[in-house]
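# could you look at this predicted model? Sequence included:
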Amino acid sequence: MASVCVDDQYFDVGPDGRLTMVPGSLGLRDIVYFKTPGTHEFNRASYPWLARIWVQVQAAGGGAAGARANAGQLVAGPGGTGGGYSERLIEVSALGATETIVVGEGGTAGTPTVDGGNGGNSSFGGFATANGGFGGQVVMSSGAGVVCYSGMSGPLAGLGDIAEGGGASGGPIRLSGDQGQSGPGGDSRLGHGGWQRASTGGGGAGRGFGGGAAGALARDGDSTNGTAGQDGVVIVWLYA
């Protein structure tokens, strides 16, 4: 009978003499992205060769309020905060047949006198969760005097091997009825917050995933809506 040498780092010979791969020895096989806000499913049976997964869970960023100013006056708002982030390495034996994935939606843009909405939470089953960012609030009343406000602290960490809260947003400043600036949006692990304004308009939108929107600014009778936060994302790395 012929014999062969087998590298036991990658192969195993079972009791019945069959040559099989050692689970987890092939490394990364695929990456699956869940970018659309809402609920999705991860089906273990779709990947019969699966040995373990690494998941990255990014929550959505907060939206920002709008702004409305009286004639000769100025109003500016703080930005929304960034969404939280978590990650976890999971052995296939710990997975259920189907795991529920939730992708958070970016916080809504506020109207001229309404706060921005909070960003949605994201999760992968009960293994990794991340909390959505907070919406920027209407904190400054119309006026012409010097005033400044603090930004907003980000959400607390969720659950995971590594879990962290979202980045804080910046606060607005008014120097006069004509000069001032809004607060920037908060950063996230997988995104950046929006840029602040010094002229009438909604603040800059975040970039990437989970960034908070910058605050709006209005002056001399102007009125403007805020900006929505960035959606979250769940990324699943598949190892054979």
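Cool, the structure landed. Numbering: from 1, shown residues only.

# just give me the residue right at the centre of the protein.
Nearest to the mean C-alpha position of the chain, counting by CA atoms, centre = their mean, stands Gly210 at 2.6 Å.

# if I've got this straight, that residue is in a helix?
No: assigned with DSSP: H, G, I helix; E, B strand; the rest coil, Gly210 falls outside any helix and is coil.

# which SSE is immediately downstream of the lowest-mean-pLDDT helix or strand in the chain?
When each helix and strand of the chain is scored by mean pLDDT, DSSP states H and E, strand 19-21 comes last, with a mean of 58. For strand 19-21, the following helix or strand on the C-terminal side (DSSP states H and E) is strand 28-34.

# ok so, going back, does the residue nearest to the centre of the chain touch Tyr85 like I think?
Yes: under the criterion of CB atoms under 8 Å, Gly210 is in contact with Tyr85, at a separation of 7.1 Å. Bear in mind the C-beta positions are built from the backbone N, C-alpha and C, glycine included.

# quick one: common contacting residues for those two?
Counting by CB atoms under 8 Å, 6 or more residues apart in numbering, the common neighbours of Gly210 and Tyr85 are Gln58, Ala59, Gly166, Ser188, Arg189, Leu190.

# and the fourth one, what are its bridge partners?
It stands for Ser188. Note on Ser188: beta-bridge partners by DSSP bridges are Gly191.

# that one against Gly194, yeah?
No: contact between Ser188 and Gly194 fails when scored by CB under 8 Å: they sit 11.7 Å apart.

# what about the two, which has more around it?
Ser188 (36 against 30; other CB atoms under 10 Å).

# how near is that one to Val102?
16 Å (CB to CB, to the nearest Å).

# so where's this protein shaky on pLDDT?
Low-confidence segments of the chain, defined by pLDDT under 70: 1-12, 14, 17-25.

# list the buried ones in stretch 232-240?
Gly232, Val233, Val234, Ile235, Val236, Trp237, Leu238, Tyr239, Ala240 (16 or more other CB atoms under 10 Å).

# which residues does Val55 contact?
By CB under 8 Å, 6+ apart, Val55 lies in contact with Glu87, Arg88, Ile90, Phe124, Phe127, Ala128, Val234, Ile235, Val236, Trp237.

# can I get these in JSON lines including distance to Gly63?
Compiled in JSON lines, the contacts of Val55 are given as follows (distance: CB to CB, whole Å):
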{"residue": "Glu87", "distance to Gly63": "25"}
{"residue": "Arg88", "distance to Gly63": "28"}
{"residue": "Ile90", "distance to Gly63": "32"}
{"residue": "Phe124", "distance to Gly63": "24"}
{"residue": "Phe127", "distance to Gly63": "28"}
{"residue": "Ala128", "distance to Gly63": "24"}
{"residue": "Val234", "distance to Gly63": "21"}
{"residue": "Ile235", "distance to Gly63": "23"}
{"residue": "Val236", "distance to Gly63": "27"}
{"residue": "Trp237", "distance to Gly63": "30"}
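
# I'd like these as JSON lines, with distance to Thr227 and secondary structure appended.
Formatted as JSON lines, the contacts of Val55 follow (distance: CB to CB, whole Å; DSSP: H, G, I helix; E, B strand; the rest coil):
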{"residue": "Glu87", "distance to Thr227": "28", "secondary structure": "strand"}
{"residue": "Arg88", "distance to Thr227": "31", "secondary structure": "strand"}
{"residue": "Ile90", "distance to Thr227": "35", "secondary structure": "strand"}
{"residue": "Phe124", "distance to Thr227": "28", "secondary structure": "strand"}
{"residue": "Phe127", "distance to Thr227": "32", "secondary structure": "coil"}
{"residue": "Ala128", "distance to Thr227": "28", "secondary structure": "strand"}
{"residue": "Val234", "distance to Thr227": "24", "secondary structure": "strand"}
{"residue": "Ile235", "distance to Thr227": "25", "secondary structure": "strand"}
{"residue": "Val236", "distance to Thr227": "30", "secondary structure": "strand"}
{"residue": "Trp237", "distance to Thr227": "32", "secondary structure": "strand"}
